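A.B. asks: Coordinates for the following, if possible.
(one chain, ligands or ions: 1)
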Amino acid sequence: MTNGTDGDYPKSESGKPVALEARRTEGDGRRYSPSVARNRDPILSVFRDHVCKGGHVLEVASGTGEHGAYLTQALGDLYWTYSDIDAESRASQKAWIDASSHDRLAGPVVVDASKGQWGDVERPGYWDAIVSINMIHIAPFEAAFGLIAGAGRLLKPGGKLFLYGPFARNGEIAPSNAAFTESLQSRDSAWGVRDLDRQIIPLAEEVGLSVAKIIEMPANNLSVIFQRQA
Ligand SMILES: C[S@@+](CC[C@H](N)C(=O)[O-])C[C@H]1O[C@@H](n2cnc3c(N)ncnc32)[C@H](O)[C@@H]1O
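C.D. replies: Numbers count the residues shown, from 1 in each chain. Down below sits the predicted model:
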């Protein structure tokens, strides 16, 4: 990632971008993404109504950390653990924990979603929800595969996996998402908008997760909620 200068596009140690927008950084290290300012309220509303109002939530690919801060501020019984593969994103998550007026934000933990073992958060049957927002299209498919396998392994019975982002549906893709996937693949041929029905749901069903709800969100995004069988 970058040195945090305003207006830079954050990059990982490998030099690849971890986000496709400029993030603003506060003096205390908290980062802000323009996309989070736009999507945090619609996500809060769906999360509250369809995922959970309280319990232990693991976020995979927390990025700046804003979603966890915003949701725990709004939902007083939510305990949220941040994680990311990227060190500078984790530093921002730590800054959000330090700035928080409550103690329900934890981590950040190193989690590479594509791995079969998630270190400190590898607690089978513990998590009420696992959340990943805008990650699976900006990572190789192994990250989507590993995320879903992790949810099958670690969610408690009845727990929810919440995915948010752009998707194709059964081979059909919105024009804006088709243009987006082209731009993603020009950066890395392993990235791209995934097909929910053909690529994601079959993987989820294989690990005991069934679709609980699919909700259309602004800007051709979806909220997708899976539930682990009880
Ligand atoms: C577009 S950002 C989204 C961040 C945040 N969820 C949000 O909505 O603002 C993508 C994030 O995915 C993380 N990421 C990419 N590949 C990953 C992997 N294999 N495991 C965990 N995190 C990953 C990046 O470091 C980055 O923080």
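A.B. asks: could you pull out the helices for this structure?
C.D. replies: Secondary structure of the chain, counting by DSSP state H: helices at 34-46, 66-74, 87-99, 141-154, 175-187, 201-206.
A.B. asks: Remind me what the longest one packs against, helices and strands.
C.D. replies: Meaning helix 141-154. Counting contacts by 3 or more CB pairs under 8 Å, 6 or more residues apart in numbering; DSSP states H and E, helix 141-154 packs against strand 127-133, strand 155-165, helix 201-206, strand 209-217, strand 221-228. In this view, the C-beta of every residue, glycine as well, is placed from N, C-alpha and C.
A.B. asks: now for these, which one comes closest to the ligand?
C.D. replies: Closest to the ligand of the helices and strands packed on helix 141-154 is strand 127-133 (CB to the nearest ligand atom; 3.8 Å).
A.B. asks: returning to that earlier point: got the helices of the chain as CSV, with distance to the ligand and mean pLDDT columns?
C.D. replies: Below are those laid out as CSV (distance: least, CB to the nearest ligand atom, whole Å; pLDDT from 0 to 100):
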stretch, distance to the ligand, mean pLDDT
helix 34-46, 5, 96
helix 66-74, 6, 98
helix 87-99, 4, 97
helix 141-154, 4, 98
helix 175-187, 10, 95
helix 201-206, 15, 98
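A.B. asks: quick revisit: packed most tightly, which of the helices and strands packed on helix 141-154 would that be?
C.D. replies: Most buried of the helices and strands packed on helix 141-154, by mean neighbour count (mean count of other CB atoms under 10 Å): strand 127-133, with a mean of 24.
A.B. asks: which ones are touching the closest residue to Val224 other than its chain neighbours?
C.D. replies: Closest residue to Val224 apart from its sequence neighbours, by CB to CB, 6 or more residues apart in numbering: Leu163 at 4.4 Å. With contact taken as CB atoms under 8 Å, 6 or more residues apart in numbering, Leu163 is in contact with Ser132, Ile133, Ile136, Ile200, Leu222, Ser223, Val224, Ile225, Phe226.
A.B. asks: mind listing what the third one touches?
C.D. replies: If a contact means CB under 8 Å, 6+ apart, then Ile136 has Ala143, Ala144, Leu147, Leu163, Gly165, Arg194, Ile200 as its contacts.
A.B. asks: how about the residues of this structure near the ligand?
C.D. replies: 18-19, 33, 36, 60-64, 67, 84-86, 89, 111-114, 133-135, 138-139, 143 (CB under 6 Å from any ligand atom).
A.B. asks: Repeat the analysis, applying 5 Å as the threshold.
C.D. replies: Residues of the chain lying near the ligand by CB under 5 Å from any ligand atom: 18-19, 33, 61, 63, 84-86, 89, 112-114, 133-135, 138-139, 143.
A.B. asks: got the phi/psi numbers for whichever residue of the chain sits closest to the ligand?
C.D. replies: Residue nearest to the ligand within the chain (CB to the nearest ligand atom): Gly63, separated by 2.3 Å. Backbone torsions for Gly63, taken as degrees, to the nearest 10, come to phi 60, psi -130.
A.B. asks: roughly how far apart are it and Ala204?
C.D. replies: 23 Å (CB to CB, to the nearest Å).
A.B. asks: just so I know, which of the helices of the chain lies nearest Ala230?
C.D. replies: With CB to CB as the criterion, Ala230 lies closest to helix 141-154 of these, at 13.7 Å.
A.B. asks: quick one, what contacts the most centrally placed residue in the chain?
C.D. replies: By CA atoms, centre = their mean, the mean C-alpha position of the chain lies nearest to Ser132, the distance being 2.1 Å. Counting by CB under 8 Å, 6+ apart, Ser132 touches Glu59, Val60, Ala61, Ala113, Leu147, Leu161, Phe162, Leu163, Tyr164.
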